[in-house]
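Q: next one to model:
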Amino acid sequence: MRSLKVMLLVAVVMIIGVGIIHADDENVPTFSDGRVNNWQMDEPVAVYCVFDHTEDVNVGVFQRIEAWGLDGVKILEASAAQISAAPAGTALASNWSYTLTKLTGSSFQISAPNGYTFTWQRGDTGC
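A: Reported below is the predicted structural model:
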């Protein structure tokens, strides 16, 4: 009888533990300002894909990628034309030891002087 109580207690603790872990996964804090790297609270740069919605408010035309510093100053920018013309593996923009690189036809990486890197693709949330 005692071993049954112990097994029941272990089962209850495991169920509660899974519930706690699951609840934490649902409450990840995010920025809601449209940045692509919106779930990374410690990033030194905010990355935005900018779209023009003048012709259709529901469908935007990709214009550029922008990177902004924590102080609200734009650090980097690469236009859609620059991105389209650049071959894979090309640094699209670099400033103050921040670098925006086109990795493939649709994937990009930004790196910061503190070792931070973020990689994303066109089509990811916000881009």
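Q: what is the neighbour count of the closest residue to Ala88 other than its chain neighbours?
A: Of all residues beyond its chain neighbours, the one nearest Ala88 is Thr104 (5.0 Å), with distances taken as Cβ to Cβ, 6 or more residues apart in numbering. To be clear about C-beta, it is placed using only N, CA and C from the backbone, and glycine gets the same treatment. For Thr104, the tally of surrounding residues (other Cβ atoms under 10 Å) stands at 9.
Q: got a list of what the closest residue to Arg122 other than its chain neighbours touches?
A: Computed as Cβ to Cβ, 6+ apart, the closest residue to Arg122 that is not its neighbour in sequence is Ser106, at 4.4 Å. Contact criterion Cβ atoms under 8 Å, 6 or more residues apart in numbering gives 121-123 as the residues in contact with Ser106.
Q: now, the residues you listed that are in strands?
A: Mapping the contacts of Ser106 onto strands (DSSP state E) picks out Gln121.
Q: quick one: the helices in this structure?
A: 2-26, 80-85 (DSSP state H).
Q: ranked by average pLDDT, which of those falls at the bottom?
A: Within the helices of the chain, confidence is poorest for helix 2-26, with a mean of 42 (mean pLDDT).
Q: how far away is the most centrally placed residue in the chain from Asn58?
A: The chain has Asn37 as the residue nearest its centroid, 2.3 Å off, counting by Cα atoms, centre = their mean. The gap separating Asn37 from Asn58 is 25 Å, by Cβ to Cβ, to the nearest Å.
Q: okay, now the domains of this structure?
A: Residue ranges for the domains of the chain, per automatic domain parsing: 1-30, 45-121.
Q: and among the ones you listed, the most buried is which?
A: Mean neighbours per residue, mean count of other Cβ atoms under 10 Å, is largest over the domains of the chain for domain 45-121, with a mean of 15.
Q: roughly how far is that one from the heart of the chain?
A: Its chain's C-alpha centre lies 12 Å from the corresponding centre of domain 45-121 when counted by Cα atoms, centre = their mean, to the nearest Å.
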